[in-house]
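In: need a structure here:
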Amino acid sequence: MRSHGFWILTLSWMLFVIVMLILTHELKCPRCGQRFYAKGADFWQMTKTCLHCGQQKYSDVSAAPKPVNGGR
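Out: Below you'll find the model as predicted:
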């Protein structure tokens, strides 16, 4: 555990994880322009829909949005 290679690999991995978390947090939804994975204090990287408008991940942006709150 004292080798320089191990510490370089560990620090590089930690830096990679931090950068990817920041990039994912700031990713914008193509439909509404809000953050796709974050809403207020909530941040959920595993969501399949935008937390603001309901746009599904990898779906057609020009498709009509689904009604929110049961269509009310």
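
In: for Asp60, helix, strand, or coil?
Out: Classification of Asp60 by DSSP: H, G, I helix; E, B strand; the rest coil places it in coil.

In: by mean pLDDT, which helix or strand of the chain comes out lowest?
Out: In the chain, no helix or strand scores lower on mean pLDDT, DSSP states H and E than strand 42-43, which sits at a mean of 86.

In: ok, residues contacting that strand?
Out: 25, 37, 51 (Cβ atoms under 8 Å, 6 or more residues apart in numbering). C-beta coordinates here come from the backbone N, C-alpha and C atoms, glycine included.

In: from the residues you listed, which land in helices?
Out: Members of the contacts of strand 42-43 lying in helices (criterion: DSSP state H): His25.

In: with respect to His4, which of the contacts of strand 42-43 is nearest?
Out: His25 (31.7 Å; Cβ to Cβ).

In: who are the contact partners of the closest one?
Out: 35, 37-38, 43.

In: could these go into TSV alongside neighbour count and distance to Thr10?
Out: TSV is the format used below for these (neighbours: other Cβ atoms under 10 Å; distance: Cβ to Cβ, whole Å):
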residue	neighbour count	distance to Thr10
Arg35	18	30
Tyr37	19	26
Ala38	18	28
Phe43	14	25
